[in-house]
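Engineer: Got a sequence here, can you build the structure:
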Amino acid sequence: MGGPRLFELQLWANRDKVRRYDAATADDIAAVLVRWVSNPDRYTEVAETLAGLFGDFADEHGGWPAVADQWLQRGALDRDGVLLAYGLLYATGEEFDPAMLG
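Structural biologist: Numbers count the residues shown, from 1 in each chain. Predicted coordinates:
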């Protein structure tokens, strides 16, 4: 049970570091992810499902530039982190640009 608890602890630890942190939403996300990975009677392709949900949300709200934080935008200092997050979360987005991944 260490995995889900570690995820919850990470969300909690970062709550004061960002202005847009919403504890209730973080709890909801953690609960969904825990159900996806802890139910032996269910198989969820987490990466694909999460990318689909995020891609739909991003497309409805202006794409990657509108929903990703400033440190996940093109030109951010952590280029590798930006590319990793962009590739994992926005791969199903309407404006996904595979050329950005290099």
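
Engineer: State the distance from Thr49 to Arg42.
Structural biologist: Thr49 sits 12 Å away from Arg42, going by C-beta to C-beta, to the nearest Å. From N, CA and C alone the C-beta is placed, and that goes for glycine too.

Engineer: Skipping its backbone neighbours, what lies nearest the spatially most central residue of the chain in space?
Structural biologist: Per C-alpha atoms, centre = their mean, the C-alpha nearest to the average position across the chain is that of Leu89, at 5.6 Å. Nearest non-adjacent residue to Leu89, counting by C-beta to C-beta, 6 or more residues apart in numbering: Phe54, 4.5 Å away.

Engineer: The nearest residue to Thr92 once chain neighbours are set aside: what's it in contact with?
Structural biologist: Taking C-beta to C-beta, 6+ apart as the measure, Thr92 lies nearest to Gly55, with 3.6 Å between them; neighbours along the chain are not counted. Under the criterion of C-beta atoms under 8 Å, 6 or more residues apart in numbering, the neighbours of Gly55 are 89-94, 96.

Engineer: Now the buried members of these.
Structural biologist: Neighbour counting over the contacts of Gly55 (16 or more other C-beta atoms under 10 Å) leaves 89-93, 96 as the buried ones.

Engineer: Can you list which of these are found in helices?
Structural biologist: Residues from the buried ones among the contacts of Gly55 lying in helices, with DSSP state H as the criterion: Leu89.

Engineer: and the spatially closest residue to Val67 that is not a sequence neighbour, helix, strand or coil?
Structural biologist: Excluding the flanking residues, the one nearest Val67 by C-beta to C-beta, 6+ apart is Ala58, at 4.7 Å. Secondary structure, DSSP: H, G, I helix; E, B strand; the rest coil: Ala58 is helix.

Engineer: Now do the contacts for Ala58.
Structural biologist: So, once contact is read as C-beta under 8 Å, 6+ apart, Ala58 ends up touching 64, 66-68, 89-90, 93.
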